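K.L.:
Only the shape, not the letters, is given here:
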C-alpha cells in the first residue's frame, strides 16, 4: 500500500499540501472555485504542525491497529481490503466525532459546515501519487510503496 | 525635506480574481512583503519590502502574483539615471558604503557574445557525439617539461618488430593532478555566505559528476568531510577554518589572493550571517563581522607567495596540487607569470563579473577586467615565456552557458569555475540582496526557517542536470568542429573569430575577425 513518509527537515510550512488536498476533495476540483464558491467549504485532510522553525505535514497514518475503527459507532470507518487503508464512508457518518477523540495523532478534523467528519486521508486512491506528495515544492513528504 | 527614502524598486501585482488567500506567500516571504487581513480575508502586499526574488511568484498555486519593476520613472537622463539618483539618496540617508551581492551588472561589453565558433564543412568531417566517443576529461596540475619512457628491458624493445606501449613505461615523476570528468568546477562559495544545504548540494553534485568544488574561505564543515576527495580547500587572507585536518582533507589547496567581484579587498561576511555553526567552522566569535584582511599579512611580495606555496606543499607532503587564485586586473599577465614561477600548480583567475555574497557596490562594478581578456593575455604570455605547461589555468567570473565555457577553453583555459550559474540552478533569481541574510531560496542565509527550503536532494539533482546538459552541449560543439577531445581545443584560437570587435580587442584576444580564413 502507499505509505507517506515525512521529511520534516525540508518542510517550509507553506501549506501548499493543505491547499491541494482541499482541492482534491472538493466538488469542483478547481482551485479557485473550491476556495471561493463552494459550500460547505471543503476541508483539507493533511495538517501542518509547526513550532518555531520546525514544521511538517501530518495526515492519517492508516494504523494497523486503528483506534478510530473501533470507536466508530456506525461502521462508517472501514479498512479497505485491497490497500489496507482506513477509509470513511461519509454517507454512514453521523458526526458523533468519537474517532476524532480517540485518534492518537489528531489527524481527523471536524467538518463543521457539513456536520460530518471530513479529513480522513484516503491516500488519493484515484490518483497515481497522492496530491500532497506531488505538489510539495520541496519534497518534504514522499510516497513509497510498501507490502501489506 | 529631512527624510527621503529610496524609491521602491518593485511592484507586486496581485490578480484578485485568482488569489485564494491561501497565505503561502505571506508565510514564505522573508521580507514580510505580504500580510493577511483576517477581517476581509484578503492578502495585501507592501511593495517597499519586495526585493524581487520571485519566490512568492513561484510558489503561488494559482499564479496570481506578478513582480514588476516599479514603473515610477524619473525624467529620462542618460547621465543621471534612476540607479545613480537612488544610490546618492541612499548614501545621503545613511552615510554608509553601499553593499550589494552577486556579480557586476553594468553593461560593460561581454566578449563571449562577440566571439564565434567554427564548424567543419567539407574540409574535415564533423564528429557525432552521440555515436562516437568524445573526451572531456581534464587534468589540473603541473605538466612536465618533457616525459621519459624507458623500455622494460633493452632486449625486448629491440626484438619486437612492432614496439608498442606495453614495451615501455613512464619513468618521469608526474606532479599530483586533479582528474575532472568535464572541464567545469564549482567556484569558491564559502559556508557562511551560503547555507550548509547549499554547500551540501554542491559537494554532492561535484562527487556525482566527477568534478571538484571549492570551499571558499569559510572552512570546511564537519558534515562535508565525506566529500573531501572532491574538495579544493581554500586558504584565504583571513585563514578562516584553516587547520591540519582541513589541509589534509582537500584534494588540492588554493591560496586566495583575490576575488573577481572585489579585487584588492578581502571577503566580507556580515555579522547577521555568523551563526553558531559558522562560528565553529570559521573559528571566530558568533555574531561578529568576518572581515578578511585585504592582503595576506604574510604575503607582501612574490617571494612570500612562493614561501607559502612551498610551506603548504611541504605540510601536505607534495601529494596534492597547490594553486593560487587571483582577480583579473590590469597587470594580470605578468602577475600570473610570477605566480607560475613561484611554484603554483594551477592559477585561477576570477574576472570582473564574478559573484559575491557581499561587496561594496563601487568596487564590484568598477574594479577588475573581464575574464575573456584575462584568459587570453595570460595564456598568450605563459606560452611566450615557455612556461604554459607548469600551471593549469582555471577561468572564473560570470560563465552563463556552455558556449561561454567552450570559448574560454579555446582561448586557453584548462577548466572553468562556475558560481552564479550554480546558484541560479538552485533557485537564485539574482535579486542581489545576499548580504542581508534573508535569501528566500535558502541559499545565501543561515536562518533555519529559510535554509530548510533548499532540499539538498533537489539541489544536487539540479546541479548534476546542469553539468550534464552543458557537457552534452560542449560535446556537440566540439564534434561540430571535427574535434573529439577537449585537449585539442585548448588554446586553439583558430577555432574562434571575433565579430563587432576593434583591432585592439582582436589583438588582445589573439583571434581573427569573422570572415577571415586561415
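P.N.:
Cool, the structure landed. In this text, all values refer to a predicted model and were calculated from it rather than measured experimentally.

K.L.:
Tell me which helix or strand in chain A has the weakest average pLDDT.
P.N.:
Taking mean pLDDT, DSSP states H and E as the measure, chain A has strand A:116-117 as its least confident helix or strand, at a mean of 70.

K.L.:
Next secondary structure after it?
P.N.:
Read in the C-terminal direction, the helix or strand following strand A:116-117 is helix A:131-135, with elements assigned using DSSP states H and E.

K.L.:
helices or strands next to that next one in the packing?
P.N.:
Judged by 3 or more CB pairs under 8 Å, 6 or more residues apart in numbering or on different chains; DSSP states H and E, helix A:131-135 is in contact with helix A:16-24, strand A:141-145. C-beta: built from backbone N, CA, C; applies to glycine.

K.L.:
Apart from its neighbours in sequence, what residue is nearest residue B:299?
P.N.:
Taking CB to CB, 6 or more residues apart in numbering or on different chains as the measure, residue B:299 lies nearest to residue B:305, with 5.1 Å between them; neighbours along the chain are not counted.

K.L.:
Correct me if wrong: that neighbour contacts residue B:325.
P.N.:
No. Because the distance of 11.8 Å does not satisfy CB atoms under 8 Å, residue B:305 is recorded as not touching residue B:325.

K.L.:
Give the intersection of the neighbour lists for those two.
P.N.:
Counting by CB atoms under 8 Å, 6 or more residues apart in numbering or on different chains, the shared contacts of residue B:305 and residue B:325 are B:255, B:257.

K.L.:
The two: which is more packed in?
P.N.:
The neighbour comparison of residue B:305 against residue B:325 (other CB atoms under 10 Å in any protein chain shown) goes to residue B:325, with 28 against 21.

K.L.:
how about the residues of the stretch 401-518 of chain B near chain A?
P.N.:
B:447-449, B:452-453, B:455, B:457-458 (CB under 8 Å from any CB of the partner chain).

K.L.:
let's see 7 Å
P.N.:
Applying CB under 7 Å from any CB of the partner chain, one finds that the stretch 401-518 of chain B approaches chain A through B:448-449, B:452-453, B:455, B:457-458.

K.L.:
Residue B:453: what's it in contact with?
P.N.:
Under the criterion of CB atoms under 7 Å, 6 or more residues apart in numbering or on different chains, the contact partners of residue B:453 comprise A:12, A:138, B:441-442.

K.L.:
Next, format the residues you listed as CSV and append secondary structure, pLDDT and distance to residue B:361.
P.N.:
CSV is the format used below for those (DSSP: H, G, I helix; E, B strand; the rest coil; pLDDT from 0 to 100; distance: CB to CB, whole Å):
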residue, secondary structure, pLDDT, distance to residue B:361
A:12, coil, 92, 31
A:138, coil, 94, 32
B:441, coil, 95, 22
B:442, coil, 95, 25
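
K.L.:
So which residues on the stretch 51-200 of chain B come close to chain A?
P.N.:
The interface of the stretch 51-200 of chain B toward chain A, taken as CB under 7 Å from any CB, is made up of B:59, B:61-62.

K.L.:
got CSV for the residues of the stretch 401-518 of chain B next to chain A, with secondary structure too?
P.N.:
Conversion of those to CSV gives the following (DSSP: H, G, I helix; E, B strand; the rest coil):
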residue, secondary structure
B:448, helix
B:449, helix
B:452, coil
B:453, coil
B:455, coil
B:457, helix
B:458, helix
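
K.L.:
top of those by neighbour count?
P.N.:
Neighbour count (other CB under 10 Å) singles out residue B:453 as the most crowded of those, with 28 neighbours.

K.L.:
mind checking pLDDT for that one?
P.N.:
According to the model's per-residue confidence, residue B:453 sits at a pLDDT of 93.

K.L.:
just residue B:156 next, same as before
P.N.:
Confidence at residue B:156, expressed as pLDDT, is 60.

K.L.:
what do you get for the one 4 residues further on?
P.N.:
Each residue has a pLDDT score; the one for residue B:160 is 64.

K.L.:
repeat for residue A:148
P.N.:
Confidence per residue is given as pLDDT, and for residue A:148 that number is 58.

K.L.:
Looking at the helices and strands packed on helix A:131-135, which is nearest to chain B?
P.N.:
helix A:16-24 (4.9 Å; CB to the nearest CB).

K.L.:
Report all helices and strands that the closest one contacts.
P.N.:
helix A:31-36, helix A:131-135 (3 or more CB pairs under 7 Å, 6 or more residues apart in numbering or on different chains; DSSP states H and E).

K.L.:
so which of those is the most packed in?
P.N.:
Highest mean neighbour count of the helices and strands packed on helix A:16-24: helix A:131-135, a mean of 20 (counted as mean count of other CB atoms under 10 Å in any protein chain shown).

K.L.:
So what's the gap between it and the chain middle?
P.N.:
Counting by CA atoms, centre = their mean, to the nearest Å, helix A:131-135 is centred 12 Å from the centre of its parent chain.

K.L.:
tell me which parts of chain A are close to chain B?
P.N.:
Residues of chain A lying near chain B (CB under 7 Å from any CB): A:9-16, A:19, A:31-32, A:35-36, A:53, A:137-139.

K.L.:
give me that answer again for 10 Å
P.N.:
Taking CB under 10 Å from any CB of the partner chain as the contact definition, chain A meets chain B at A:7-16, A:18-20, A:22-23, A:31-36, A:48, A:50, A:52-55, A:135-140, A:142.

K.L.:
Now the buried members of these.
P.N.:
By the neighbour-count criterion of 16 or more other CB atoms under 10 Å in any protein chain shown, those include these buried positions: A:7, A:10-16, A:18-20, A:22-23, A:31-32, A:34-35, A:48, A:55, A:135-138, A:140.
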